[in-house]
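Undergrad: coords below, sequence missing:
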């Protein structure tokens, strides 16, 4: 098995060093703004112009300001494709396709694709992103935003640990809100996004970090300042989780030949995150409804879960369903194996995929309840629990590899 270090993590959040003049002379940075207002575009143009005197910027937006962007010509507008345009809270394959097409057409030295609420990004974050793409040696630049114990939980529970364990990508948000990339990454995105849009449609998701990994491109994660995190238009957690997890599971299926050959490059270290021993009613008010949903699901979804999960996992879930809220803790290895079993059932079409992904939601809520109880609004404990979850996925990777290759060893 090969070991491929796919990700490097940098912290440039406090750096105000301008881009190296020798590297960036006459460089052109394309900035795609599929969801920004005309006022936001105008303000962003001023921020970009101030960051470096040696870079030309192309701003592609559906909303063109009525007045002049920049009399010097260093920042100018270009036409953004009308259809398919960005319409959601997260970047889609259509967004990547539009950005990649423009990047290749205009021969951009680097490209930034900024998502919903990007106007709230500090202007230093913009410089961090395009600097890393221009001179940092990375093909894909993913931002890392400060996040509290209650934020980014789908990434913490599913996206981050799966990407880290299967691909060696240590990026906290593998499905980014904003991204920067190199010209050759643009070519990769163009091909992958065309395929995704043609097969699934304009709202298909693209997984940039796994595309970079399979192509042996280097991914950098860079620390940036806090931004407003956009909220999904739908309040239905079942639909949201099914959309994201279904897309990720399909991507894992497509790239199975790759991730089975790659060893996790991040060592699995147990952090032993523990919740405080005495929790009051106020501390548990948020998690009680999640625990109740999980208990109801344990009663009502036995038939589906028994088709997906092995007996030892079902026994562990039974014990968890009997736990009092004050002691409710889903073991990290149980969560990791459960997710891997759902990935396999998705591949084998053990049951209807819609029903399968719906049956994952209460198990995810059990993980979230456990996480919030352990974190107890303490960021350090939250990070420790996320790290422990990720470590469990790494430790259990041989389990999914074995079951993927010989699924009949467990036949419920």
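TA: Received it, and whenever you're ready, just let me know what you need. Here the structure is a predicted model, which is why all the values come from computation and not from measurement.
Undergrad: in what helix or strand does residue 76 lie?
TA: Using DSSP states H and E, residue 76 sits within strand 75-79.
Undergrad: same check, this time on residue 383
TA: Using DSSP H and E, residue 383 falls in helix 379-395.
Undergrad: quick one on the thing from earlier: tell me which other helices or strands the strand holding residue 76 touches.
TA: Applying 3 or more Cβ pairs under 8 Å, 6 or more residues apart in numbering; DSSP states H and E, one finds that strand 75-79 contacts helix 38-51, strand 55-61. No exception for glycine: its C-beta is placed from N, CA and C like everyone else's.
Undergrad: weakest of these by average pLDDT?
TA: Ranked on mean pLDDT, the bottom entry among the helices and strands packed on strand 75-79 is helix 38-51, at a mean of 84.
Undergrad: Show me which helix runs longest in the protein.
TA: helix 353-375 (DSSP state H).
Undergrad: now the angle from that one to helix 379-395?
TA: Counting by axes from the mean of the first three to the mean of the last three Cα atoms, to 10 degrees, helix 353-375 lies at 140 degrees to helix 379-395.
Undergrad: quick one: the helices in the stretch 151-300 of the chain?
TA: Along the stretch 151-300 of the chain, counting by DSSP state H, counting those that start in this stretch, helices occupy 153-154, 160-167, 183-200, 208-214, 237-254, 256-259, 281-284, 288-300.
Undergrad: now these in JSON lines, with mean neighbour count?
TA: Formatted as JSON lines, the helices of the stretch 151-300 of the chain follow (neighbours: other Cβ atoms under 10 Å):
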{"stretch": "helix 153-154", "mean neighbour count": "18"}
{"stretch": "helix 160-167", "mean neighbour count": "26"}
{"stretch": "helix 183-200", "mean neighbour count": "18"}
{"stretch": "helix 208-214", "mean neighbour count": "25"}
{"stretch": "helix 237-254", "mean neighbour count": "19"}
{"stretch": "helix 256-259", "mean neighbour count": "16"}
{"stretch": "helix 281-284", "mean neighbour count": "13"}
{"stretch": "helix 288-300", "mean neighbour count": "16"}
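Undergrad: out of the ones you listed, which comes closest to residue 329?
TA: Closest approach to residue 329 among the helices of the stretch 151-300 of the chain (Cβ to Cβ): helix 288-300, 11.0 Å.
Undergrad: which parts of the helix or strand that that closest one is followed by are buried?
TA: Moving toward the C-terminus from helix 288-300, the next helix or strand (DSSP H and E) is helix 302-308. In terms of neighbour count (16 or more other Cβ atoms under 10 Å), helix 302-308 has its buried residues at 304-305, 308.
Undergrad: Can you tell me what sits against helix 302-308?
TA: When contacts are defined by Cβ atoms under 8 Å, 6 or more residues apart in numbering, helix 302-308 is touched by residues 298, 314, 317, 341-342, 345, 350-351, 355-356, 359, 412.
Undergrad: that older thread, show me how far the helix holding residue 383 is from its chain's centre.
TA: Here the centre of helix 379-395 is set off from its chain's centre by 16 Å, with Cα atoms, centre = their mean, to the nearest Å.
Undergrad: swap in stretch 361-372?
TA: The answer for stretch 361-372 is 18 Å, by Cα atoms, centre = their mean.
Undergrad: Just give the number of residues close to the residue lying closest to residue 225 once chain neighbours are set aside.
TA: In space, residue 225 comes closest to residue 122 once its chain neighbours are excluded; the distance is 4.0 Å by Cβ to Cβ, 6 or more residues apart in numbering. For residue 122, the count of nearby residues is 14 (other Cβ atoms under 10 Å).
Undergrad: Bridged to the residue lying closest to residue 33 once chain neighbours are set aside, which residues?
TA: Once flanking residues are discounted, residue 33 sits nearest to residue 61: 4.3 Å by Cβ to Cβ, 6+ apart. Residue 61 has these beta-bridge partners by DSSP bridges: residue 33, residue 79.
Undergrad: ok, residue 61 - contacts?
TA: 32-34, 36, 38, 41, 77, 80.
Undergrad: out of those residues, who's nearest residue 90?
TA: Distance to residue 90 across these (Cβ to Cβ) is lowest for residue 34, with 11.5 Å.
Undergrad: these two touch, right, that closest one and residue 98?
TA: Yes - assessed by Cβ atoms under 8 Å, residue 34 is found in contact with residue 98 at 7.0 Å.
Undergrad: Poorly predicted segments of the stretch 201-350 of the chain, please.
TA: By pLDDT under 70, the low-scoring segments of the stretch 201-350 of the chain are 202, 233-234, 263-283.
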